[in-house]
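following is a predicted model, sequence given first.
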Amino acid sequence: MPSWFAAGVYQGTLGGQPITLQLKRPAENNDEVGAYFYQSRQIDLTLHGSRRGKALILAEEVWSGPEKGLQTSGCLALTRVGDSLTGTWKSPAGKRLAVSLKPLKLAAVPLKLLDTAQVRKLRAEQPLDFLKLNTAWPKRADAEGSVEEPLTGIVYPRVAGASAALAGALQDRQLAAAQSALECQAQLGDSAGKGDGFTLEAQVTRLTPKLVSLHESAAYYCGGAHPDNFDEGVILSRVSGQSVKVTALWPGLSGAKQLALYLAAYPSDGGDPECSSLIQSSAEPSSSDPQFAAWLTPKGLSVVPTFLPHVAAACAETVTLGYGQLRPLAEEKGRYFSDLYPR
């Protein structure tokens, strides 16, 4: 890299079109030095850096599908003038466009989202995503008072009368999903087809005086051999917005116990017995890591395995463990007992 090279975020124009560009120090044995996006498109183009004299040379790459792979779609040659960057962009066919960039002070960008630790971390560590997502998110006219992130279309429910901490936690979960959608778009590049990308369906499944629970179902195809999907269970404190573990509700519901109860109730429709064997062999009952996505419903705790290999994903059936069935595993003096078993 040229001696003047420094990490930072810049905004300006390329051929008269507004762009935002980030430079960062490359990792060892890696020449990736940042990315940029056009305001009109808002999809990152990866930049690989080198030096030619005092000029910084940035080759932009875009994924063009499995047949063509990564393609160099342009090359920027930039020099520093004061604190600004100027130069040209050149297409593979030889077309040249002027580039003019000035540094952006991220700390001075007003927050349009709730001020949470995750938003501040996003601004510091992934400024391009921050600048795309730090916008006004409109409310939708639905029963759950959902909010839509306008760039990715990710929708997430809200809770009426939520504490500031809970409102921030719900926003953060939506923010993480929107980041996943942006990353997926960048990976697809020019190869995106109809139905490709990242989608999320989220709904509130249970509200108690102290808890809110949600179920998230994500589906995505970001390139590669097959599309994929996953489920997430969310249980949050309505006061602190912090995640509440299943074992805080039922101390006796260890991973091994979840597996035993799940297998006893599976399959609910008398399905393929091979799935039961596969689930049992794929599980790690001794592990302290969660083996199931779990969320509260009016009938009980719904669980679905998260440890199955992709080829066995069809075996991941949701099973609901009833509150009565789980009561012996709870503690009557526990913080949330009265929420789950009101008198």
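That came through, no problem. Residues are numbered from 1 along each chain as shown.

what residues sit buried inside the longest helix seen in the chain?
Taking DSSP state H as the criterion, the chain has its longest helix at helix 164-188. Under the neighbour-count criterion of 16 or more other Cβ atoms under 10 Å, helix 164-188 has 165-175, 177-188 buried. In short, each C-beta sits where N, CA and C put it, glycine included.

okay, and the helix or strand of this structure with the least pLDDT?
Ranked by mean pLDDT, DSSP states H and E, the weakest helix or strand in the chain is helix 273-282, scoring a mean of 77.

chain center to that one: distance?
Distance of helix 273-282 from the chain centroid (Cα atoms, centre = their mean, to the nearest Å) equals 30 Å.

elements contacting it?
Packing contacts for helix 273-282, counted by 3 or more Cβ pairs under 8 Å, 6 or more residues apart in numbering; DSSP states H and E, involve helix 255-265.

now the helix it packs on against helix 273-282, angle please.
Helix 255-265 runs at 170 degrees relative to helix 273-282, counting by axes from the mean of the first three to the mean of the last three Cα atoms, to 10 degrees.

run through the residues that contact the nearest residue to A192 once chain neighbours are set aside.
Sequence neighbours aside, Q185 is the residue nearest to A192 in space, at 7.1 Å (criterion: Cβ to Cβ, 6 or more residues apart in numbering). Applying Cβ atoms under 8 Å, 6 or more residues apart in numbering, we find Q185 in contact with 43, 152, 192, 197-198.

now do 10 Å
By Cβ atoms under 10 Å, 6 or more residues apart in numbering, the contact set of Q185 is 41-44, 151-152, 192, 196-198, 222.

on the pLDDT front, check it for me.
Turning to Q185, the model gives it a pLDDT of 88.

ok so P92 is a strand residue?
No. P92: not assigned to a strand; according to DSSP: H, G, I helix; E, B strand; the rest coil it is coil.

that one: neighbour count?
When counting by other Cβ atoms under 10 Å, one arrives at 10 neighbours for P92.

wait, it touches V62, no?
No. Using Cβ atoms under 10 Å, P92 is not in contact with V62; the gap is 11.4 Å.

ok, back up a step: CA-only coordinates of the least confident helix or strand of the chain in PDB, if you can.
What follows is helix 273-282, C-alpha atoms only, in PDB (Å, rounded to 0.1, in the frame of the first residue of the first chain):
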ATOM      1  CA  PRO A 273     -38.800 -43.900  12.100                       C
ATOM      2  CA  GLU A 274     -35.400 -43.400  10.500                       C
ATOM      3  CA  CYS A 275     -35.600 -39.700  11.500                       C
ATOM      4  CA  SER A 276     -35.800 -40.600  15.100                       C
ATOM      5  CA  SER A 277     -32.700 -42.700  14.900                       C
ATOM      6  CA  LEU A 278     -30.900 -39.900  12.900                       C
ATOM      7  CA  ILE A 279     -31.900 -37.200  15.500                       C
ATOM      8  CA  GLN A 280     -30.700 -39.400  18.400                       C
ATOM      9  CA  SER A 281     -27.300 -40.200  16.700                       C
ATOM     10  CA  SER A 282     -26.800 -36.600  15.600                       C
END
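
what sits against the residue lying closest to S237 once chain neighbours are set aside?
Spatially, and ignoring its direct neighbours in sequence, S237 is nearest to V244 (5.6 Å; Cβ to Cβ, 6+ apart). Counting by Cβ under 10 Å, 6+ apart, V244 touches 210-213, 234-238, 296, 335-336.

now those as JSON lines including secondary structure and neighbour count?
As requested, the contacts of V244 are exported to JSON lines (DSSP: H, G, I helix; E, B strand; the rest coil; neighbours: other Cβ atoms under 10 Å):
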{"residue": "K210", "secondary structure": "coil", "neighbour count": "16"}
{"residue": "L211", "secondary structure": "strand", "neighbour count": "20"}
{"residue": "V212", "secondary structure": "strand", "neighbour count": "23"}
{"residue": "S213", "secondary structure": "strand", "neighbour count": "21"}
{"residue": "V234", "secondary structure": "strand", "neighbour count": "21"}
{"residue": "I235", "secondary structure": "strand", "neighbour count": "22"}
{"residue": "L236", "secondary structure": "strand", "neighbour count": "22"}
{"residue": "S237", "secondary structure": "strand", "neighbour count": "19"}
{"residue": "R238", "secondary structure": "coil", "neighbour count": "20"}
{"residue": "L296", "secondary structure": "strand", "neighbour count": "28"}
{"residue": "R335", "secondary structure": "coil", "neighbour count": "13"}
{"residue": "Y336", "secondary structure": "coil", "neighbour count": "19"}
